[in-house]
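# Build the 3D model from these lines:
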Amino acid sequence: MVDNEPDERRADATNPDRSAERTDSLSDHPVLFGLITGGYVLGLVGGLIAAWAVPYLLGYQLDWTRQATGVFAADGAVVRSLFRIAFTSFPIVFAVCTVAVDLIALRSLTDRSIPNRRGLAAWTLLAVFGLGAMLSVINPILPPHGLVQLLSAPVFGLVAVVIVTITGAVAGVAGRSIPVDLTRGRMSFVAAGKRAVAQFRATPIAVLRSSRPIVVGWGVGSGLLFVGIGFLGLALGIPFIGILLLPVVPVILGIAAIAFAGGHLRYRLTTVSNAGHG
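Below you'll find the model as predicted:
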């Protein structure tokens, strides 16, 4: 047994995936997993609440303005633009929470070197904007205006799951090494981006494989999310009996958050481990 240890260490040094298998366990990071799960709960629940509240608050504000000034501006181009922004509340909230928990995970899993704060700030803005833009495609089937479409044609929910899963894949590839390098203070934002592009060109299969955990987690999580939204629609649409379905909604959303978080943490454990060997 003792004689084999040097061989095993050499094998780990030449095969980062084998070394990663020893550390990529959620049970080794229960507190971090809880934080990430809480962040996704906030992103899902907070995003759904914002999807309801922000457009209605904007409508109430416009109505108050009409009563106070006598000017009815609901048909103006500016107002239409404001409503388009208001209906992106869920993607924005979800993107902010996702990027925030990712930064927490990176800081927890990497060494305590001084991070490139400017680079991380630039990455944060780019990541939030990119995630929000990609997820805004699913706005037409999100509450409150999308419940009818989702219930009358469940295929819309399947399309939304595919979109969220693809978004997870893109986020997994884009975030594989750039935020890790910036958190460790290794290089500038531009240099980290060039390194990420070079890695993808050199080993595209390995890069795509490293994003598999987040793709699976986001795929399962988004499926549960839209099942939960469907139950919410039924609860609100069926008189009297529907209220009995309401307690099911937070349970499904909680399980969805766990799926999102599990995939995210497995992905980040793998990428940090691989970056340590790179």
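
# Any stretches of the chain with poor pLDDT?
By pLDDT under 70, the low-scoring segments of the chain are 1-24, 63-78, 145, 275-278.

# Sticking with the residue nearest the centre of the chain, tell me its helix or strand.
Nearest to the geometric centre of the chain sits Thr98, at 4.2 Å (CA atoms, centre = their mean). Thr98 is part of helix 89-109 when elements are defined by DSSP states H and E.

# which helices and strands does that helix pack with?
helix 30-69, helix 117-135, helix 178-183, helix 248-277 (3 or more CB pairs under 8 Å, 6 or more residues apart in numbering; DSSP states H and E). All C-beta spots, glycine's among them, are computed from the backbone N, C-alpha and C.

# Go through it and flag the buried ones.
Buried residues in helix 89-109, counting neighbours by 16 or more other CB atoms under 10 Å, are found at 89-103, 105-106, 109.

# quick one on the thing from earlier: tell me which of the helices and strands packed on helix 89-109 is the most buried.
helix 178-183 (a mean of 26; mean count of other CB atoms under 10 Å).

# so what does whichever helix or strand comes after that helix touch, helix or strand wise?
Under the assignment DSSP H and E, the closest C-terminal helix or strand after helix 178-183 is helix 189-202. Contacts defined by 3+ CB pairs under 8 Å, 6+ apart place helix 189-202 against helix 117-135, helix 178-183.

# And the contacts of the next helix or strand after the first one?
Scanning forward in sequence from helix 117-135 by DSSP H and E, the next helix or strand is helix 147-152. Residues from elsewhere that reach helix 147-152 (CB atoms under 8 Å, 6 or more residues apart in numbering): Pro140, Ile141, Phe156, Gly157, Phe226, Ile229, Gly230, Leu232, Gly233, Leu234, Leu236, Gly237.

# ok, of those residues, which come out buried?
Ile141, Phe156, Gly157, Phe226, Ile229, Gly230, Leu232, Gly233, Leu234, Leu236.

# right, and the pair among those residues with maximum separation?
Phe156 and Leu236 (17.3 Å; CB to CB).

# Give the buried residues for stretch 132-151.
Neighbour-count burial for stretch 132-151 [16+ other CB under 10 Å]: 132, 134-136, 138-139, 141-143, 146-147, 149-151.

# want to throw those residues into JSON lines with distance to Arg209?
Below are these laid out as JSON lines (distance: CB to CB, whole Å):
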{"residue": "Gly132", "distance to Arg209": "27"}
{"residue": "Met134", "distance to Arg209": "21"}
{"residue": "Leu135", "distance to Arg209": "24"}
{"residue": "Ser136", "distance to Arg209": "28"}
{"residue": "Ile138", "distance to Arg209": "26"}
{"residue": "Asn139", "distance to Arg209": "31"}
{"residue": "Ile141", "distance to Arg209": "31"}
{"residue": "Leu142", "distance to Arg209": "31"}
{"residue": "Pro143", "distance to Arg209": "35"}
{"residue": "Gly146", "distance to Arg209": "34"}
{"residue": "Leu147", "distance to Arg209": "37"}
{"residue": "Gln149", "distance to Arg209": "35"}
{"residue": "Leu150", "distance to Arg209": "33"}
{"residue": "Leu151", "distance to Arg209": "37"}
